[in-house]
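**Student:** Predicted coordinates and the sequence they were generated for:
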2 protein chains.
Amino acid sequence: MHKYTIHFLPADKSVEVEEGTTIAEAAQNADLFINNLCGGEGVCGKCRVQVSKGLAEAEEHAKGFFSADEIMKGYVLACQTEVNDDLEIIIPPESRMDESKIMIDGATEGSIKYEFKPVIKKIYLELPPPTVEDNVPDIERISRELRKQLGWQAFDFSLDCIQHLSDMLRENEWKVTVTVSKHGNNYRILKIDPLNTADSSYGLAIDIGTTTVVAQLLDMNSGKLLGSEGCHNQQASYGEDVISRVIFACGRGGIHPVQKAVIKNINQLIKKLAKEKDVPIDEINAIVAAGNTTMSHFLLGLTPCSIRLDPYVPTADEFPQIRAEEIGIQISPRGILETIPCVASYVGGDIVAGVMSCGIPEHEEVRGLIDIGTNGEIAIGNKDWLVCCSASAGPAFEGGGTRCGMRAIKGAIEKIKITDGRLKYETIGNARPRGICGTGLIDCIYEFVKNGIIDPGGKFDRNRSDDRLKIEDNIPQYVIAYPDETESGTAVVITESDIDNLIKSKGAVFAAIKSLTDYIGLGFDMIDTFYVAGGFGSFLDIPKSIAIGLLPDIPQEKIQFIGNSSLTGARMCLLSESAIETCVNISRSMTNIELSTYQPFTDEYIAALFLPHTNRKLFPSVDY
Amino acid sequence: MHKYTIHFLPADKSVEVEEGTTIAEAAQNADLFINNLCGGEGVCGKCRVQVSKGLAEAEEHAKGFFSADEIMKGYVLACQTEVNDDLEIIIPPESRMDESKIMIDGATEGSIKYEFKPVIKKIYLELPPPTVEDNVPDIERISRELRKQLGWQAFDFSLDCIQHLSDMLRENEWKVTVTVSKHGNNYRILKIDPLNTADSSYGLAIDIGTTTVVAQLLDMNSGKLLGSEGCHNQQASYGEDVISRVIFACGRGGIHPVQKAVIKNINQLIKKLAKEKDVPIDEINAIVAAGNTTMSHFLLGLTPCSIRLDPYVPTADEFPQIRAEEIGIQISPRGILETIPCVASYVGGDIVAGVMSCGIPEHEEVRGLIDIGTNGEIAIGNKDWLVCCSASAGPAFEGGGTRCGMRAIKGAIEKIKITDGRLKYETIGNARPRGICGTGLIDCIYEFVKNGIIDPGGKFDRNRSDDRLKIEDNIPQYVIAYPDETESGTAVVITESDIDNLIKSKGAVFAAIKSLTDYIGLGFDMIDTFYVAGGFGSFLDIPKSIAIGLLPDIPQEKIQFIGNSSLTGARMCLLSESAIETCVNISRSMTNIELSTYQPFTDEYIAALFLPHTNRKLFPSVDY
């Protein structure tokens, strides 16, 4: 069978692979890690790479993930593209997964490094057998050796760690492997196994999003990322958004079904990852999970009811380190679960993990993190201070609350362009349109206002002669795709009320950003970098987002997409105690501005219900 | 119904009771606590009191517990004696159980006091409801208040503490009772209950002896002793002594039946105490248990096998604080079990508790503790140093290993006197003789050697003309009770080999005391007080114990019986964190001399196999 050489950039690594290997597999052979959210199914579009030399066939079914321009430039999905030529491949930043033996990078390359000090450690010990002169108890013989090796003073241990210790030590010639963990100031012996199993030590980083749950499997000795899996959060059957799930759980439904749903998700992901990577589930000894405050409460089975009620009080913002099996997660029976602490009811561990992963509290310069979803969470700060807030953006960005809104899945209209009165759209997966997703809506609004189809208040120009503009049941609407073009045979339209909803959503996010920067007394120009996180963020068109007044009007290079920074943060915490400590410090020190009772926010919100804004001076670059 | 006034001394408290009340009940009404090991069955003999004024009928069946002289002086069992007259009652020191609201006394009255700081505490909180200005998480609202009240900085809590906290707080107007504990440097929230239950807080002190298990129920708010219950350790069905139980557990039997036996004992005692004292089992939140190293291992389900094998290594000497339910003990599901730490394989938590309760590490003067049972454990020290050792005494003192030996129960010959060649004996319960117990054996040996029946080497004078002295199957033996006097119709005899066994036992104990005092370079005269502990110790005749060479020949007033000092120590630990800290310090700092490999002990042992000793100078007061 023929072999080809693949050269990866910017890593400058080459690898020889057999014909028919996928580019993703080739990268893995070269010890390079490419985003692989859907596990190689070709549906998440996260593994985009650019073929810069050589010929690789652009797979037809994945074209929906790329613009025509990108296809021209050689963009393909690494998991869907087979090697049939010598290739040079550029892995773009958004597709890279950093891994490092000694240091762990943050979400943005080189922005922050933490020492490699995994949350659990396996240590192989060859103990001196006891003598009459040295007859300390068995557990003390182990602790003594651990003190020498780790410099820790005292250890907690549970009863089941030591119940069969005596026999185990004597049957295995005093050779054992001890798994230890740290939580706060407590050092714990988690388990003691016979002989040397130190090589086999795994951990999981999990991001529990309202919409998706994503898990990554890591080798705890090398810090190497072994694989990623994601799925939709099955809690969706109890409500699309956080609030509706809380209402379900605090009503007749109870919390248990909601908790069970996400645990089931997690167990499925673990099973899949362990099988794929041939890792024994019993050797997965630690999980670090990050989620918003409600998701963290559901995960741990904590009553979330008061989170949604004034004055918005969660049960806890720091969570005990527990045995994962306490809540039914199937890893090693003594494996731990660490949940990243939250700041307030609407600023959760996902934001804390994100802020940590961007290195915001490590630098002089002021940086911001914006996570846009159903809620827009904003955090701004530097090494001396941190503030944050959260604004309810509504479901518009995630495809909810609009007549033809849908999630960013196959068949969703995600790009729209109106040139000389002619409308063109692109759908995900190049399928027949089924609806319109968040990015499509932003495109729409931008094209509408730029082309004078709506006024800056979001109202249709009813005097305009445009075949697509109709009034049905007194509701003005604009046809994006006619019935004969769509999957269902029903037109995909945007109504005036959809536009109104989107303006409210973008207004809330912008008002939150503006209120927070005003609160700290800084202009947008004094913020060094805005990191934009969230599944939505990764597909956002920056210039259009600025143009409709969603993001502040600052130079594009100051805005960076960082994808799922919650997951990145969880992964960093799994691999570094220092990262966890930083998260605890963030959760304790970050000031949360409660916008629902903060008058300036209300004023800013009203001022932002305009395209791009009632105060045009805030958006000098906008071209309509 | 007629009422009588009972005046108790030395407490100088009076109480009026109805005709027919027992003296024990009257004492309880007066808030005085009398030893009550058997729970008022009249079989333990621990509740002896002296009727100094008034008439109280000496109960016939309990006469075995008293000498004729004592009966003359008005001694009765408090639990078996009804009130039919105005009485003045002296409660002798050995029958008193100290209780104190604020300070906890040690085993010897006034010798040591610890601050009243119970190992668990219930704290009633009326929390300010959250506001927008003060919207910290629920658990932080509680922690904040606890920090204020207790001065603790951080709290651990388990997940199940907070899972329903949110609803509980809101449904009960922010009024909750928090149960907290301390273990080492960790503060823990054990549970949070609705409304004010702070008044209802109970704890248990348990002494787990090889032979008996004794539990005391305490009110954790007042420190008041509510009741005591004892029973035989059901592990006896797996072996009389520690070694045979270890052999069973490490052979085909396994550890589980042995562990289950003692847990069953404990649960029965708890049920009985809770029922008697009308205490809800769910409000018993803490147990402190003390036992020898093997008993502690069995209790916690730790493999005890290496304890009996050179170099005698236990699994642990300090034990984790666990939830009692982890090992099947039925108290509050979140109640804790603290096990007093041990020093070495043969110096356990019972000795550590005893040393603490005597206040040995609190004083300048050198003091010693001797616990005599199957093992003789000796600890000596002061506030600067502590040494200890353990010698296998064999079962002779507990009625084993001798032809007609038996435990100190009804029908056991416990006193013997030979005057002008005429032998008289007394049995426990005044019953027909069934055998001879440890104290009876000591009496015997003393009377034999004093009357020239045996020589100081323990051999019968075969030329002596004495009807009771016989040789059967070549074994010389002495008849204590003829067949027509006994319960079974078989003679109760002492053989030469029984005497030999007892000499070995007393030799081992004395050699251990001598080795230890020599090791530290102190003569017996430099030891301020010898405390003698153990169930056996309480019935020991000091002068005869000295005369046969069991105890050192020091002035009698320097020897104090302190009964079950292990239980006293456990009770003190339940009521005072400082007492636990002292126990941890004792277990860490006490030097254990391993006698099995200590040559001077072997020499001392051989020298002690003589009555009273090969070196007569060591026993100047001995009169034979």
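**Tutor:** It's in.
**Student:** can you map out the strands along the stretch 51-200 of chain A?
**Tutor:** Listed in chain order, the strands found in the stretch 51-200 of chain A under DSSP state E, counting those that start in this stretch are A:75-77, A:87-90, A:96-97, A:103-105, A:113-115, A:120-126, A:156-157, A:175-183, A:186-194.
**Student:** Tell me which of these sits nearest to chain B.
**Tutor:** When the strands of the stretch 51-200 of chain A are compared for distance to chain B using Cβ to the nearest Cβ, the nearest one is strand A:156-157, at 6.0 Å. (Glycine included, C-beta is placed from N, CA and C.)
**Student:** before we move on, back to that, tell me which of the strands of the stretch 51-200 of chain A is the most buried.
**Tutor:** When these are scored by mean count of other Cβ atoms under 10 Å in any protein chain shown, the highest mean neighbour count falls to strand A:75-77 (a mean of 24).
**Student:** So what's the gap between that one and the chain middle?
**Tutor:** On the basis of Cα atoms, centre = their mean, to the nearest Å, strand A:75-77 is displaced by 22 Å from the centre of the chain it belongs to.
**Student:** Pull the residues that contact that strand.
**Tutor:** Among residues not part of strand A:75-77, those counted as contacts by Cβ atoms under 8 Å, 6 or more residues apart in numbering or on different chains are A:23, A:42, A:45, A:47-51, A:56, A:58-59, A:62, A:65-66.
**Student:** Which members of the residues you listed additionally contact chain B?
**Tutor:** Intersecting the contacts of strand A:75-77 with the surroundings of chain B, defined as Cβ under 8 Å from any Cβ of the partner chain, gives nothing.
**Student:** just the residues you listed now: which is nearest B:Y124?
**Tutor:** When the contacts of strand A:75-77 are compared for distance to B:Y124 (Cβ to Cβ), A:G45 comes out closest, at 57.6 Å.
**Student:** circling back to that earlier point, just to be sure, which of the contacts of strand A:75-77 are found in helices?
**Tutor:** The subset of those located in helices under the criterion DSSP state H comprises A:I23.
**Student:** Nearest to chain B: which residue in the stretch 301-450 of chain A?
**Tutor:** Of the residues in the stretch 301-450 of chain A, the one nearest chain B is A:T303, at a distance of 3.9 Å by Cβ to the nearest Cβ.
**Student:** any idea how far A:Y346 lies from A:E377?
**Tutor:** Look at A:Y346 and A:E377: by Cβ to Cβ, to the nearest Å, they are 7 Å apart.
**Student:** Check the contact lists of these two and give me the overlap.
**Tutor:** Taking Cβ under 8 Å, 6+ apart as the contact rule, A:Y346 and A:E377 both touch A:S390.
**Student:** where's stretch A:302-322 relative to the chain centroid, distance-wise?
**Tutor:** 21 Å.
**Student:** list the buried ones in it?
**Tutor:** A:302-308, A:311-322 (16 or more other Cβ atoms under 10 Å in any protein chain shown).
**Student:** can you check stretch A:15-27 too?
**Tutor:** Of all the residues in stretch A:15-27, those buried under the rule 16+ other Cβ under 10 Å are A:15, A:17, A:21-27.
**Student:** Repeat that for stretch A:518-528.
**Tutor:** A:519-520, A:524, A:527.
**Student:** These into CSV, with extra columns for secondary structure?
**Tutor:** Supplementary listing: those in CSV, determined by DSSP: H, G, I helix; E, B strand; the rest coil:
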residue, secondary structure
A:Y519, helix
A:I520, helix
A:F524, helix
A:I527, coil
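**Student:** so what's the closest residue to chain B within the stretch 451-600 of chain A scoring on pLDDT?
**Tutor:** Here the stretch 451-600 of chain A gets closest to chain B at one residue, A:T597, 5.1 Å apart by Cβ to the nearest Cβ. pLDDT recorded at A:T597 is 85.
**Student:** In contact with the residue sitting furthest away from the middle of chain A: list those residues for me.
**Tutor:** Ranking residues of chain A by C-alpha distance from their mean position (Cα atoms, centre = their mean) puts A:V132 at the top, at 56.9 Å. Contact criterion Cβ under 8 Å, 6+ apart gives B:310-311, B:594, B:597 as the residues in contact with A:V132.
**Student:** what about stretch A:217-236, average pLDDT?
**Tutor:** For stretch A:217-236, mean pLDDT is 90.
**Student:** TSV for the strands of the stretch 51-200 of chain A, including distance to A:I580?
**Tutor:** Listed next are the strands of the stretch 51-200 of chain A as TSV, based on distance: least, Cβ to Cβ, whole Å:
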stretch	distance to A:I580
strand A:75-77	34
strand A:87-90	34
strand A:96-97	20
strand A:103-105	12
strand A:113-115	9
strand A:120-126	12
strand A:156-157	17
strand A:175-183	8
strand A:186-194	13
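**Student:** In TSV, list the ones you listed along with mean pLDDT.
**Tutor:** Converted to TSV, these look like this (pLDDT from 0 to 100):
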stretch	mean pLDDT
strand A:75-77	89
strand A:87-90	92
strand A:96-97	61
strand A:103-105	39
strand A:113-115	81
strand A:120-126	95
strand A:156-157	88
strand A:175-183	91
strand A:186-194	91
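**Student:** what's the closest of those strands to A:S228?
**Tutor:** A:S228 lies closest to strand A:96-97 among those, at 7.7 Å (Cβ to Cβ).
**Student:** re earlier: among the buried residues of stretch A:302-322, name the ones in strands.
**Tutor:** A:I322 (DSSP state E).
**Student:** about what we covered before: out of the strands of the stretch 51-200 of chain A, the one nearest B:I480 is which?
**Tutor:** Proximity of these to B:I480 was assessed by Cβ to Cβ; the nearest stretch is strand A:156-157, lying at 53.6 Å.
**Student:** quick one: that closest one near chain B?
**Tutor:** Yes. Using Cβ under 8 Å from any Cβ, a contact is recorded between strand A:156-157 and chain B, made by A:156-157.
**Student:** what helix or strand does A:E377 sit in?
**Tutor:** A:E377 is part of strand A:375-381 when elements are defined by DSSP states H and E.
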